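In: Coordinates for the following, if possible.
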Amino acid sequence: MNRRNFLAVFVAFLCWQLSFSQVDDVKRIVKQLCSPEFHGRGYVNGGDSIAAEFIAREFQTIGLKPVGKSYFQAFHFPVNSFPKNAQFTLVKKDGSTEELEVGRTIIAKENSPSYRGTLHYRAVPIHLLFQKDSLQAIIQTAMQGKTYNAIALDFRTTAADTLKLIRGAEEQFATYVPVILLTDKKFTWSVASTATNFPILELQATKADGSPIRVELDAVLKQHHARNVVGFLPAKKKTKKTIVFTAHYDHLGRLGQNTYFPGANDNASGTAMLIALARYFKSNPIDYNIEFIAFAGEEIGLLGSKHYVEQPLLPLKNIRFLVNLDIFGSGEDGITVVNGAIFQNYFDLLTSINDQQQLLKQIKARGYAANSDHYWFTEKGVPSFFIYTMGPNKNYHDIDDTYENLSFAEVNDLQTLLVNFVKQLDSVIGK
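Out: Numbers count the residues shown, from 1 in each chain. Just a heads-up that it's a prediction; the model follows:
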């Protein structure tokens, strides 16, 4: 082998090794953030605080500077949490019992309060929801608790236009009695800042045989203290011009001590890419400062980014562009860019890079949407994208959004696209 061929082989091997190392590091971070020790990065067992400390250590190891005295920006908000028991048991007519699996066959809605007792429920036909007198009589009987003490609603075959009319009905009923929603769909969960008077349970219809349900549910509505994690990378030469990368690291946490929501795609994956980009740009500085922000409180209403915009650590006017990374675990079907239809020049740059280098299958543009942490920055006039991947992984806000269910198929191409986009921003800034 001559020297020229040897050099070509060596360069190819080095590129492969760097790519492998990059994917491997992203996988390491996602796996750690999704581990049981992080408790779903939510509001039980200090899960989000454990994640914040981990991210700060990663920033420090990379060599990012804190903005101010530490990497943290603290804020607080109310949250309904489930720190202890979340057990649900069918009590059969023959006296036998069956434990229901939380997250698979039953789930308590995120705004449910504590409840101890056995639910004897009556199924309420949907048409009675429009008959005030009949419905009132059913609720009053349930409140007395003599023949039944809960009501069950079955929306499975209800037409879409009817569902719009009765949207939120379960929360109104939960003012007076426990409510059970029968479903044949996979459960999704969220986070609430308030609680109803009585619990709202979702039950797989295959388990709705009329058997009473014994409930042991502990909920705590509390004031929660959270922290954004912020790292700063100066430009090669002193400047005020700044690029910002953001990703939310929080997720849903635990529903009791036995069930947690790992949040791999949403959004350990985006957090891992944030850290990977920080590592890359530390070794390859550019002519812009780069700020890396891992937000808390996204799942409860974009609260971490809202707090930052209201109390920015760096002037918002210095931000030339912001890229928010949320749901970054696949990419086989390309990416969608929220605000892509608004900031057309920036979107054209992104697509031209992708076309030239043949990186991703497609890049789709969406318009304005308040669906992730870019929103508050856009509202303040900061040009921003929210990018998410498209692919076969459809697990969202459920117990199957795990590390093992991510493909990591486009980690290298995604980073290449974002790196080149940032390096070429000068070509469109100011147009």
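In: doesn't F88 make contact with L201?
Out: Yes - using Cβ atoms under 8 Å, L201 makes contact with F88 at a distance of 7.3 Å. Bear in mind the C-beta positions are built from the backbone N, C-alpha and C, glycine included.
In: So for those two, which residue has more residues nearby?
Out: In this view L201 and F88 are compared by other Cβ atoms under 10 Å, and L201 has more residues nearby, 27 against 24.
In: where do the contact lists of L201 and F88 overlap?
Out: 106, 108, 213, 215 (Cβ atoms under 8 Å, 6 or more residues apart in numbering).
In: Spatially central residue in the protein, please.
Out: D266 (3.9 Å; Cα atoms, centre = their mean).
In: What is the neighbour count of the nearest residue to it once chain neighbours are set aside?
Out: Leaving out its chain neighbours, the residue that sits closest to D266 by Cβ to Cβ, 6 or more residues apart in numbering is I327, at 5.4 Å. Residues lying near I327 (other Cβ under 10 Å) number 25.
In: Where does I327 sit, in terms of helix or strand?
Out: Using DSSP states H and E, I327 sits in no helix or strand.
In: Tell me how far it lies from M273.
Out: Distance of I327 to M273, given as Cβ to Cβ, to the nearest Å: 10 Å.
In: residue boundaries of the helices in the protein?
Out: 3-33, 47-62, 132-144, 160-165, 169-173, 269-283, 303-310, 344-357, 374-379, 411-423 (DSSP state H).
In: who's in contact with the nearest residue to D218 once chain neighbours are set aside?
Out: Nearest non-adjacent residue to D218, counting by Cβ to Cβ, 6+ apart: K84, 3.9 Å away. By Cβ under 8 Å, 6+ apart, the contact list for K84 reads 218, 256-257.
In: tell me the pLDDT at K84?
Out: We note a pLDDT of 96 for K84 in this prediction.
In: same thing with A169?
Out: 89.
In: and the closest residue to it other than its chain neighbours, how many residues sit next to it?
Out: Once flanking residues are discounted, A169 sits nearest to L129: 6.1 Å by Cβ to Cβ, 6+ apart. Applying other Cβ under 10 Å, we find 17 other residues in the vicinity of L129.
In: how far away is L129 from Q136?
Out: 11 Å.
In: could I have stretch 133-144 exported to PDB, CA atoms only?
Out: Coordinates of the C-alpha atoms in stretch 133-144 are reproduced here as PDB (Å, rounded to 0.1, in the frame of the first residue of the first chain):
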ATOM      1  CA  ASP A 133     -81.800  15.800  35.200                       C
ATOM      2  CA  SER A 134     -80.800  12.200  34.600                       C
ATOM      3  CA  LEU A 135     -77.200  13.000  35.000                       C
ATOM      4  CA  GLN A 136     -77.700  14.900  38.200                       C
ATOM      5  CA  ALA A 137     -79.600  12.000  39.700                       C
ATOM      6  CA  ILE A 138     -76.800   9.600  38.800                       C
ATOM      7  CA  ILE A 139     -74.200  11.900  40.400                       C
ATOM      8  CA  GLN A 140     -76.200  12.400  43.600                       C
ATOM      9  CA  THR A 141     -76.700   8.600  44.000                       C
ATOM     10  CA  ALA A 142     -72.900   8.200  43.600                       C
ATOM     11  CA  MET A 143     -72.300  10.900  46.200                       C
ATOM     12  CA  GLN A 144     -74.500   9.000  48.600                       C
END
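In: List the buried residues for that stretch?
Out: Neighbour-count burial for stretch 133-144, counted by 16 or more other Cβ atoms under 10 Å, picks out 135, 138-139, 141-142.
In: CA atoms of stretch 36-53 as PDB?
Out: Extracted in PDB, the C-alpha atoms of stretch 36-53 (Å, rounded to 0.1, in the frame of the first residue of the first chain):
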ATOM      1  CA  PRO A  36     -34.300   4.100  37.400                       C
ATOM      2  CA  GLU A  37     -31.900   6.100  39.600                       C
ATOM      3  CA  PHE A  38     -33.100   9.200  37.800                       C
ATOM      4  CA  HIS A  39     -36.700   8.400  38.600                       C
ATOM      5  CA  GLY A  40     -38.100   9.700  35.300                       C
ATOM      6  CA  ARG A  41     -36.400  13.200  35.900                       C
ATOM      7  CA  GLY A  42     -39.600  14.400  37.600                       C
ATOM      8  CA  TYR A  43     -41.000  15.300  40.900                       C
ATOM      9  CA  VAL A  44     -40.600  12.100  43.000                       C
ATOM     10  CA  ASN A  45     -37.300  11.200  44.800                       C
ATOM     11  CA  GLY A  46     -35.700  14.400  43.500                       C
ATOM     12  CA  GLY A  47     -35.400  13.000  39.900                       C
ATOM     13  CA  ASP A  48     -35.100  16.300  38.100                       C
ATOM     14  CA  SER A  49     -32.500  17.500  40.600                       C
ATOM     15  CA  ILE A  50     -30.400  14.400  40.100                       C
ATOM     16  CA  ALA A  51     -30.600  15.000  36.300                       C
ATOM     17  CA  ALA A  52     -29.600  18.700  36.700                       C
ATOM     18  CA  GLU A  53     -26.500  17.800  38.700                       C
END
